[in-house]
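1. Got a sequence here, can you model it:
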Amino acid sequence: MSFQEAVFILHEHEVVAGYRLKDFEQQVRQGASLIGPSGDYLCAAYVQVGNHQCAEAIVLFQLPVQCSGADIIARPDWYMPLQRLADNAGPGPNMGAGRIRLACQSQCSVSWHRQSLWEPATSDFMAIRKALRDSSLVQQPLPAAVAPVSADSSPLSAVQRVSGVSPGSLLAQKHDAPEVEALKQMLRNEVDTYRKQLQQLQQEIERQRSLNEALQRQTEQAESGALTARQAEELKQRHAHQLSGYQQQIELLQAELELARLDAETS
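-> Residues are numbered from 1 along each chain as shown. All right, here's what the predicted structure looks like:
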């Protein structure tokens, strides 16, 4: 297998725990306590990670849990074909090595699993990307679990909770690298490219809207013989579908733009 598999638990757009997939499955089978907020379910992310330490596929799933005292335990009857969903997932944002495959509530290849998935925000992708980068999954073992922040301890960032490394030392390591300026320039160029693509898509959306308005006028005049109402409606639906596709592309590019901007600021 050319990739590694991990499961991250997220809460309020931050990673609070990380497991290798086999360790996560063992925790679930054995009814061991998991780390995360109390409630009916945990927001989890199954991630396929390539040799470049970047996500290749993500499945955002809800893990049903039950509380046993202070312990949070996965429900014993839970099952989801995570790898199958990842293999057949739709397009997602660029997480550092091209567009990922993404399965979430709005796009799921198996309809009856749709309600067991959740819908991400851009900050969720940022949190997963930071967790992968800071835990050095390919080079070092991923922690079996990340300890939660105690009430009397000083606040820890998501980087510290996942990797145990302070942001200051990570920043020093980055700026010691001789290629850092070249990397920053590359990221700035990537941001500019995403902006241009967004502008082009927005212009195309405006063009499609103009076409839809023209089609609406043609529909109203259909009885005069220029176009039948049925033909006009078919054309209108076709352009509406194209418009929806452009809108989805804009949302993906906006997520990629935000990820690239974050890297440009923190590199």
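
2. Next, the spatially most central residue of the chain: secondary structure please.
-> By C-alpha atoms, centre = their mean, the mean C-alpha position of the chain lies nearest to residue 125, the distance being 4.1 Å. Going by DSSP: H, G, I helix; E, B strand; the rest coil, the secondary structure assigned to residue 125 is helix.

3. Renumber starting at 246 from here on
-> Sounds good: first residue 246 from here, last item residue 370.

4. wait, it sits on residue 499?
-> No. Under the criterion of C-beta atoms under 8 Å, residue 370 makes no contact with residue 499, lying 11.1 Å away. Every residue, glycine included, has its C-beta placed from N, CA and C.

5. For the chain, just list every one of the helices.
-> Secondary structure of the chain (DSSP state H): helices at 266-275, 327-332, 367-380, 403-408, 412-421, 425-465, 474-511.

6. model confidence over the fourth one, on average?
-> Mean pLDDT, taken over the full extent of helix 403-408, equals 42.

7. what does the fifth one give?
-> When pLDDT is averaged over helix 412-421, the result is 43.

8. same deal with the third one?
-> Here the mean pLDDT over helix 367-380 is 86, rounded to a whole number.

9. ok, and for that helix, which residues are buried?
-> 367, 369-380 (16 or more other C-beta atoms under 10 Å).

10. so how many other residues sit close to the nearest residue to residue 353 once chain neighbours are set aside?
-> Ranked by C-beta to C-beta, 6 or more residues apart in numbering and with sequence neighbours excluded, the top spatial neighbour of residue 353 is residue 359, at 4.4 Å. Residue 359 is surrounded by 14 other residues when neighbours are defined as other C-beta atoms under 10 Å.

11. Let's see the pLDDT reported for residue 359.
-> Looking at residue 359, its pLDDT is 88.

12. Could you verify my assumption that it touches residue 350?
-> Yes. Counting by C-beta under 8 Å, residue 359 does reach residue 350; the two are 5.9 Å apart.

13. would JSON lines of the buried residues of helix 367-380 with distance to residue 330 be doable?
-> As requested, the buried residues of helix 367-380 are arranged in JSON lines below (distance: C-beta to C-beta, whole Å):
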{"residue": "367", "distance to residue 330": "21"}
{"residue": "369", "distance to residue 330": "17"}
{"residue": "370", "distance to residue 330": "17"}
{"residue": "371", "distance to residue 330": "22"}
{"residue": "372", "distance to residue 330": "20"}
{"residue": "373", "distance to residue 330": "16"}
{"residue": "374", "distance to residue 330": "20"}
{"residue": "375", "distance to residue 330": "23"}
{"residue": "376", "distance to residue 330": "20"}
{"residue": "377", "distance to residue 330": "19"}
{"residue": "378", "distance to residue 330": "24"}
{"residue": "379", "distance to residue 330": "26"}
{"residue": "380", "distance to residue 330": "23"}
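
14. Closest to residue 327 out of those residues?
-> residue 373 (14.8 Å; C-beta to C-beta).

15. can you pull the contacts of the closest one?
-> Residues counted as contacts of residue 373 (C-beta atoms under 8 Å, 6 or more residues apart in numbering) are 253, 255, 260, 290, 292, 300, 303, 340.

16. Of those residues, just say which sits nearest to residue 310.
-> Nearest to residue 310 among these is residue 255, at 13.9 Å by C-beta to C-beta.

17. The closest one: neighbour count?
-> When neighbours are counted by other C-beta under 10 Å, residue 255 registers 24.

18. Bridged to the residue lying closest to it once chain neighbours are set aside, which residues?
-> Nearest-residue entry for residue 255: residue 288, 4.9 Å, with adjacent residues in sequence omitted and distances by C-beta to C-beta, 6+ apart. Note on residue 288: beta-bridge partners by DSSP bridges are residue 255, residue 307.

19. Run through the stretch 246-395 of the chain and note the low-pLDDT ranges.
-> Judged by pLDDT under 70, the stretch 246-395 of the chain has its weakly predicted residues at 246-247, 380-395.
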